[in-house]
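A.B. asks: Turn this into a model:
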Amino acid sequence: MGFDNIPHFGKLLRRTFLASALLAAGLAQAQPGAPVKLLVGFPAGAGTDAIARLLAEKLKDELGAPVVVENRAGAGGQIAANALKTAPPDGHTFFVTHDHSISILPQVIKNPGFNPATDFVPVAGFATFANVLAVSGGTPAKTYPEYLNWVKTQRGGKDTIGVPAPGSIPEFLVKLIAEKSKLDLQAAPYRGGAPMMADMLGNQIAAGISSVPDMIEHHRAGKMRIVATIGAKRDPLLPSVPTFTELGFSNLNDYPWYGVFAPTGTPQPIVDKFGNALQKVLAMPDVKTKLTDLGLTVGYEPQGQFSGRVRSYTQTWAGIIKASGFQPQ
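C.D. replies: As a prediction, the model looks like this:
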């Protein structure tokens, strides 16, 4: 006997599918003690990892469940992003990341394995920051013009500037600086900010571009000197350092961002619950102080506002990347 001959089988099948959907939507509530994972695409000890661990410690009380950081380091966040794509949309896996993994990687890699527009749901934004150019302690230059003059007079007009990853915003900044200064400046891509910092601290390279969270402590200690920053205005932590805009560059006013994403299909109540918990954590004075000290400008952005920021930022850098002539690898 075929299924078509079984009375009411169609209705039963529809009810089964509906029950399964409702079960998925309520899974987080059905397992209130199950751990929540925060995926991080960079190694333990890196800036993003430190930020995620600070948030995890506070989120556990707001969510009523253990919150653990899971490092899926490598490829500029690509490995973690693909882990998020395949994670069940049950409210137990989120991705704490900055702009590179979401806005830049899909534009510079032919087959990243994920599409942020279809595979991820923006949950909330929580901070912005600046990418900065710094010179190593062994470099005599103390300002941006002094660095360019040093390259011109002492290095024959050539130098290598470290960047945390190939096809990253820092690499495109190197191209822009080279074009404007008419110097032969080449990006040296590393596998993350930490090894680049190690070479800068060891004076193996004279300059590097990375985020404020990566560089601020070394700058404060006098082991390297930040000489220029991205942004529409000067960074509050670096009031004496000019912006690239002040130095004559255009289209460098959009700040990179930090935010949280969930797998597509995550029920809206779960997204809202996490966003509300994050908002409460960011309002805690000790959290805001610690994130600010790391070089972030803290500010909660709900889902809709954060989605708009991500779209705008992605479009801005799409134009810059295209104009640079960069070919996806």
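
A.B. asks: Can you say which helix or strand has residue 249 in it?
C.D. replies: Assessed by DSSP states H and E, residue 249 sits outside every helix and strand.

A.B. asks: try residue 288
C.D. replies: According to DSSP H and E, residue 288 maps onto helix 285-293.

A.B. asks: Repeat that for residue 188.
C.D. replies: Per DSSP H and E, residue 188 falls inside strand 184-189.

A.B. asks: quick one on the thing from earlier: contacts for the helix holding residue 288?
C.D. replies: 51, 54, 55, 58, 127, 237, 281, 282, 298 (C-beta atoms under 8 Å, 6 or more residues apart in numbering). (Each C-beta comes from the backbone N, C-alpha and C, glycine too.)

A.B. asks: Out of the residues you listed, name the ones that lie in helices.
C.D. replies: Among the contacts of helix 285-293, the subset assigned to helices under DSSP state H consists of 51, 54, 55, 58, 281, 282.

A.B. asks: tell me the contacts of residue 127?
C.D. replies: Residues counted as contacts of residue 127 (C-beta under 8 Å, 6+ apart) are 51, 257, 258, 291, 296, 297, 298, 299.

A.B. asks: and the two most separated of the residues you listed?
C.D. replies: Across those, the longest distance by C-beta to C-beta is 14.1 Å; it joins 51 and 299.

A.B. asks: So between those two, which is more surrounded?
C.D. replies: residue 51 (25 against 13; other C-beta atoms under 10 Å).

A.B. asks: if I look at that one, how far off is residue 152?
C.D. replies: Distance, residue 51 to residue 152, by C-beta to C-beta, to the nearest Å: 38 Å.

A.B. asks: can you check residue 281 too?
C.D. replies: Between residue 281 and residue 152 the computed distance is 48 Å (C-beta to C-beta).

A.B. asks: about what we covered before: out of the contacts of residue 127, which end up buried?
C.D. replies: 51, 257, 258, 291, 296, 297, 298 (16 or more other C-beta atoms under 10 Å).

A.B. asks: Show me what residue 162 is bridged to.
C.D. replies: Legend: beta-bridge partners of residue 162 under DSSP bridges are residue 188, residue 208.

A.B. asks: In contact with it, which residues?
C.D. replies: 187, 188, 190, 196, 199, 200, 205, 207, 208, 209, 210.
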